[in-house]
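Colleague: 3D model of this:
(one chain, ligands or ions: 1)
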Amino acid sequence: MKIEILRLNHRISRDKRVSSHVGLTARAFGASKLYYSGQKDSNMEESIKKIVDKFGGPFEIKYCDNEIKLIKEKKKEDFVIVHLTVYGKDFKEFKNKLDNNILIIVGGEKVEPEFYELSDYNLSVGNQPHSEIAALGIFLYDLFGCKTKFNDAKVEIIGMERGKLIKSLK
Ligand code: SAM
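Modeller: From the prediction side, this is the model:
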């Protein structure tokens, strides 16, 4: 089962940290790819690649200049398209339908109506407005939990009661 994310409408000045945190959240909870549209941002791509290089993957980040084409291609590849939106139905009611490859769409400031139309499911994580990072994190954690195995990591964090322990793996 492949989990991929499409983050819409990235704006370098306002979304630098938000979009990179969408990527880190996606990776930590089991997704293997982040597509993003809007403004291409090589600094954001680099910051994600650095984490993957240090803590392992697989995880890829890719710029997307045509979201509709991407969604249609993913549908042909048998991905289920899930759009996370405050206006959607409670995601918990639909969990048992999501056993295929999934492309999860998260928005930016404004999400155009065509994304609601093209998605197989428009799902909410509570019907209060919050953020794409929170929605994605809760959705992935609830469905798949934390991912524990990463390939080619250089270091691994060992959880402790106090202090910080980073184990070198290479
Ligand atoms: N006004 C925007 C719209 O047209 O949907 C929402 C902006 S919100 C800051 C950015 C993104 O966070 C949304 O596109 C959605 O993906 C996600 N989001 C925010 N609250 C959510 C919720 N309660 N459930 C699911 N996703 C949510």
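Colleague: from residue 53, how far out is the residue in the chain that the ligand sits nearest to?
Modeller: Nearest residue of the chain to the ligand: residue 107, at 2.2 Å (C-beta to the nearest ligand atom). Bear in mind the C-beta positions are built from the backbone N, C-alpha and C, glycine included. As defined by C-beta to C-beta, to the nearest Å, residue 107 lies at a distance of 29 Å from residue 53.
Colleague: who's more crowded, these two?
Modeller: residue 107 (18 against 12; other C-beta atoms under 10 Å).
Colleague: ranges for the helices of the chain?
Modeller: Applying DSSP state H to the chain gives helices spanning 12-28, 42-55, 67-76, 113-118, 132-144.
Colleague: in a markdown table: the ones you listed, plus mean pLDDT and distance to the ligand.
Modeller: Shown next, in a markdown table, are those (pLDDT from 0 to 100; distance: least, C-beta to the nearest ligand atom, whole Å):
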| stretch | mean pLDDT | distance to the ligand |
| --- | --- | --- |
| helix 12-28 | 95 | 9 |
| helix 42-55 | 97 | 17 |
| helix 67-76 | 98 | 13 |
| helix 113-118 | 98 | 9 |
| helix 132-144 | 97 | 3 |
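Colleague: got the ones you listed as CSV, with distance to residue 170 columns?
Modeller: Converted to CSV, the helices of the chain look like this (distance: least, C-beta to C-beta, whole Å):
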stretch, distance to residue 170
helix 12-28, 19
helix 42-55, 10
helix 67-76, 35
helix 113-118, 42
helix 132-144, 27
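Colleague: so residue 61 makes contact with residue 45?
Modeller: Yes - counting by C-beta atoms under 8 Å, residue 61 does reach residue 45; the two are 5.2 Å apart.
Colleague: quick one, what contacts the residue nearest the centre of the chain?
Modeller: Nearest to the centroid of the C-alpha atoms of the chain, with distances taken as C-alpha atoms, centre = their mean, sits residue 26, at 3.7 Å. With contact set as C-beta atoms under 8 Å, 6 or more residues apart in numbering, residue 26 has these partners: 3, 5, 34, 59, 136, 140.
Colleague: next: residue 165.
Modeller: Applying C-beta under 8 Å, 6+ apart to residue 165 gives the contacts 157, 158.
Colleague: how far away is it from residue 155?
Modeller: Distance from residue 165 to residue 155, counting by C-beta to C-beta: 10 Å.
Colleague: and the longest strand along the chain, what's its mean pLDDT?
Modeller: In terms of residue count, the longest strand belonging to the chain (DSSP state E) is strand 80-90. With pLDDT averaged residue by residue, strand 80-90 scores 98.
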